[in-house]
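Peer 1: Sharing a sequence plus its predicted fold:
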Amino acid sequence: MNFFLSPWSLVGLSICSMFSSVQAAEYCLRPSKEDGTDANNVVCCSTPTGWEGWKDDPCYWDSVEGFTKMWLQGSHISNVSFGQPNCKVGPECAFLDLETRARDSRGQPDVEAGLRDFLDQLEQPQDLSPRDRLCVVVNRFGSFHTENFGVLTIWRIRCPSGHQYLVTLLAQRDVLVTIYLRAPGEASIAAEVHSLKELARSVRVTDASSTLPDIIKVNVDLPDQTIKDQLLRFTPLATPRKKVYEFLESHLFKDIWDMTSPAKLHSAENGDLYTQIGHYSRPMDVGPVPRPTITTDEELRSRPQTPPILPPTTVVRAFWKFDKQHKLRDVEIQREVVEFKVRQ
């Protein structure tokens with residue numbers, strides 16, 4: 001099979017290579033609490049030497065759109081994964097991950113609880129029942145000093161799959177950070193422990209009012225005015241349209257509520273910008289559930305099939321409105337209830 005690359009394709013490839021990140025990229029994450037509200041702090045870190053994350057690839061988003069883009073943006077809100085340029089995919093490759101979780105006002109979960117949760121969830125498919133055997137802590141691999149968090153412990157973990165992990169955890173303010181290195185064998189994982197330490201030493205926890213996370217997801221359960229005020233903090237009134245567009249395109253989480261609706265930023269004919277920022281459904285009151293009765297296969301086949309009834313979905317969109325000078329004059333929140341009608 002012959003493949004043809006047009007001159008424009010070659011230009012695109014050269015641009016991606018030309019602007020490959022030389023300086024380590026910084027990632028800033030803001031995890032959510034169990035009730036859907038955001039943590040009060042943002043966790044920032046830098047790409048370790050010899051590794052690459054999504055921000056280190058200038059062409060990362062070029063061919064990503066729709067549901068895939070929404071899924072990736074969602075994962076980038078609280079996690080960042082690093083791979084090595086010469087081995088990005090495959091069981092023989094090493095991976096370095098940083099995950100963040102919000103803690104409650106009492107500082108829970110602590111580091112020990114975080115390690116237990118990590119072991120409980122590691123390599124466990126979400127839809128598998130019964131669960132596989134759990135990974136186990138083999139030993140305390142070592143410890144190292146960090147400027148921001150003092151002395152941290154590294155734990156060595158072995159899983160039934162044969163993968164080896166080195167993991168360290170740190171807690172500060174209302175966030176818990178888990179950093180783990182995965183490799184196929186003891187020799188390869190020991191050779192990369194310096195990268196885990198470098199990543200942990202780059203971590204800093206800052207107040208959310210002073211640091212902007214990479215991906216911003218709006219809690220659409222909040223009142224319209226609260227959402228509007230939040231968006232205006234990110235895009236103040238009188239901001240030029242070009243800057244608003246660049247910010248929304250690079251930072252705002254864009255939602256879809258079905259597979260036919262792309263998750264992207266739209267431009268209206270008058271120059272206004274709009275996008276869907278979230279959706280939600282409320283449980284339906286289906287009334288009392290009838291008691292089951294014993295029926296024959298023939299009776300079941302003869303019964304009319306009733307399609308499932310889905311609850312109405314509320315779609316939430318945000319509109320950025322501009323004046324004649326192309327400067328932001330207002331942000332408007334709109335909600336639309338979409339009902340699913342059963343075909344007769």
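Peer 2: Arrived safely.

Peer 1: Where does pLDDT dip in the stretch 151-300 of the chain?
Peer 2: 259-260, 283-300 (pLDDT under 70).

Peer 1: any chance you could map the strands in it?
Peer 2: Here the stretch 151-300 of the chain has its strands, by DSSP state E, counting those that start in this stretch, at 164-172, 175-183, 204-207, 266-267, 273-281.

Peer 1: Please report how far Leu170 lies from Phe67.
Peer 2: Using C-beta to C-beta, to the nearest Å, Leu170 is found at 34 Å from Phe67. For every residue, glycine as well, the C-beta is placed using N, CA and C.

Peer 1: and these two? which has more neighbours close in?
Peer 2: Leu170 (21 against 13; other C-beta atoms under 10 Å).

Peer 1: Name whatever forms a beta bridge with that one.
Peer 2: Val177 (DSSP bridges).

Peer 1: And the next helix or strand past whichever helix or strand Gly114 is part of?
Peer 2: When elements are assigned from DSSP states H and E, Gly114 belongs to helix 111-121. The first helix or strand that comes after helix 111-121 along the chain, using DSSP H and E, is strand 136-146.

Peer 1: tell me which residues in that next one are buried?
Peer 2: For strand 136-146, a neighbour-count test (16 or more other C-beta atoms under 10 Å) marks 137, 141 as buried.

Peer 1: Counting by contacts, list what that strand packs against.
Peer 2: Counting contacts by 3 or more C-beta pairs under 8 Å, 6 or more residues apart in numbering; DSSP states H and E, strand 136-146 packs against helix 111-121, strand 150-158, helix 193-202.

Peer 1: Out of these, which gets nearest to Arg103?
Peer 2: Across those, Arg103 has its closest neighbour in helix 111-121 (9.0 Å, C-beta to C-beta).

Peer 1: Does anything pack onto the closest one? Which helices or strands?
Peer 2: Using 3+ C-beta pairs under 8 Å, 6+ apart, helix 111-121 sits against strand 136-146, strand 164-172, strand 175-183.

Peer 1: where exactly do the helices run in this structure?
Peer 2: For the chain, helices defined by DSSP state H occupy the ranges 7-18, 66-76, 111-121, 186-191, 193-202, 224-234, 241-251, 297-302.

Peer 1: Rounded mean pLDDT for the third one, please.
Peer 2: This points to helix 111-121. What helix 111-121 shows for mean pLDDT is 86.

Peer 1: With just CA atoms, put that helix into PDB.
Peer 2: Output of helix 111-121 as PDB, limited to C-alpha atoms (Å, rounded to 0.1, in the frame of the first residue of the first chain):
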ATOM      1  CA  VAL A 111      -1.900   9.800  53.100                       C
ATOM      2  CA  GLU A 112      -2.400   6.300  54.600                       C
ATOM      3  CA  ALA A 113      -6.000   6.300  53.400                       C
ATOM      4  CA  GLY A 114      -4.900   7.500  50.000                       C
ATOM      5  CA  LEU A 115      -2.500   4.600  49.700                       C
ATOM      6  CA  ARG A 116      -5.200   2.100  50.700                       C
ATOM      7  CA  ASP A 117      -7.500   3.600  48.000                       C
ATOM      8  CA  PHE A 118      -4.800   3.500  45.500                       C
ATOM      9  CA  LEU A 119      -4.200  -0.200  46.000                       C
ATOM     10  CA  ASP A 120      -7.900  -0.900  46.000                       C
ATOM     11  CA  GLN A 121      -8.400   0.800  42.600                       C
END
